[in-house]
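J.: Just to be clear, the model below is a prediction. Sequence and coordinates:
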Amino acid sequence: MMKAGYYNTASGITNYIVKYGKNSITVKTQKGSSISITRGQLRRAISFTLFKRTIIRKDMEGFSSYSSALFGMINRIFHHIARLLKLREGYRLSLKTLRFWASGLEREKNGLQLLKKIGGNFVLFNFFQILQSGPNCLKQLDRYNLYAYIDSGSFSLHNQKCKKGLQNLSLFDEQTEQDMILKGYADFINANKNNPRIIGFFPLDVIGEPEATKENYAKLKAMVPGANLIPVFQVSDSLKSLEMLVDEEHEVIALGGLIPLMKKGLNHCRATLDRIFNLYSNVNFHFLGGLMNFCLNTRFFQVIVQLILIAEGMLHSENYICRTAKG
């Protein structure tokens, strides 16, 4: 910006740099007014962008009353690794880096220590693993300075029941049992939705069943007002359903049902994902789990990965920017 003497906002309006002061940057807008952004405000906005990795202009209101000008500066600073998505009102700026969330560490004290040792800050905790681990589980987030997504654990519970041969031995019918699980998960979310260490919650998705997944999401959303729920799109669903999700302008959309799709072959799975990525190239998609080498060659915004893959150095490729669990 200093060399050019100006920068363009996300909407294309030109702001001119009048002065680079010791403590602030003075800008003259296209309308002729002068405004100042302090260096402290800019640094905090940069730190927030690196942490969140997807922002809108309104996010900048927490740093300066001149949020549009500050958003424009952030856009210029990160233009080489950022993309813009046009919204109904304004734009969403997202970094094109890939963040990994380490999973399976709810009861792994040594694993959490290893994650911090290699510089990791982000984990995925499983709701049912949290219940089994007791109240100390979430306290580990503060202890190790970590941030978490919470997964409903529906897939883990299903696998556990199948292994124990309990699939058909429940005291309740399937719908009643599902509603009971949903109620318990909703209570947990409401109790923890304001925890600054928890970034968001994944709903109770049903692999390969788009309608059940959407129904559970709608029910849960009504039960947890104010919580950051990440919607899940089952890749076996129609692209029209995905379009409806995209039109709701979520920060992130998770793609589910990929593991069954992989059984048809990686080329088939990759073709399905390419169709989605090509249609919505500026939308942030989350990978719920699968083959690590596969996800590295796609355009996901963030993925779930087992800690061992990070620790073994598989993700430290010079071809990727910020591609470790530290984001």
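T.: Cool, the structure landed. Residues are numbered from 1 along each chain as shown.
J.: which residues are in contact with stretch 65-83?
T.: The contact list for stretch 65-83, computed with CB atoms under 8 Å, 6 or more residues apart in numbering, reads 1, 7-10, 13, 15, 25, 27, 29, 35-37, 41-42, 45-46, 49, 55-58, 60-61, 63-64, 84, 93-97, 281-282, 321. C-beta: built from backbone N, CA, C; applies to glycine.
J.: Just the buried ones out of those, please.
T.: In terms of neighbour count (16 or more other CB atoms under 10 Å), the buried residues within the contacts of stretch 65-83 are 7, 9-10, 15, 25, 27, 29, 35-37, 41-42, 45, 49, 55-57, 60, 63-64, 93-97.
J.: Among those residues, name the ones in strands.
T.: Applying DSSP state E to the buried ones among the contacts of stretch 65-83, the entries found in strands are Tyr7, Asn15, Ile25, Val27, Ile35, Ser36, Ile37, Ile55, Ile56, Leu93, Ser94, Leu95.
J.: I'd like the residues you listed written out as JSON lines, with pLDDT and distance to Phe128 added.
T.: Putting those into JSON lines (pLDDT from 0 to 100; distance: CB to CB, whole Å) gives the following:
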{"residue": "Tyr7", "pLDDT": "85", "distance to Phe128": "48"}
{"residue": "Asn15", "pLDDT": "88", "distance to Phe128": "51"}
{"residue": "Ile25", "pLDDT": "92", "distance to Phe128": "50"}
{"residue": "Val27", "pLDDT": "91", "distance to Phe128": "51"}
{"residue": "Ile35", "pLDDT": "90", "distance to Phe128": "51"}
{"residue": "Ser36", "pLDDT": "93", "distance to Phe128": "51"}
{"residue": "Ile37", "pLDDT": "95", "distance to Phe128": "46"}
{"residue": "Ile55", "pLDDT": "98", "distance to Phe128": "33"}
{"residue": "Ile56", "pLDDT": "97", "distance to Phe128": "34"}
{"residue": "Leu93", "pLDDT": "97", "distance to Phe128": "35"}
{"residue": "Ser94", "pLDDT": "97", "distance to Phe128": "31"}
{"residue": "Leu95", "pLDDT": "96", "distance to Phe128": "32"}
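J.: Kindly reformat these as a markdown table and extend each row with distance to Ile74.
T.: Output for these, formatted as a markdown table (distance: CB to CB, whole Å):
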| residue | distance to Ile74 |
| --- | --- |
| Tyr7 | 10 |
| Asn15 | 13 |
| Ile25 | 13 |
| Val27 | 13 |
| Ile35 | 15 |
| Ser36 | 16 |
| Ile37 | 10 |
| Ile55 | 7 |
| Ile56 | 11 |
| Leu93 | 7 |
| Ser94 | 12 |
| Leu95 | 10 |
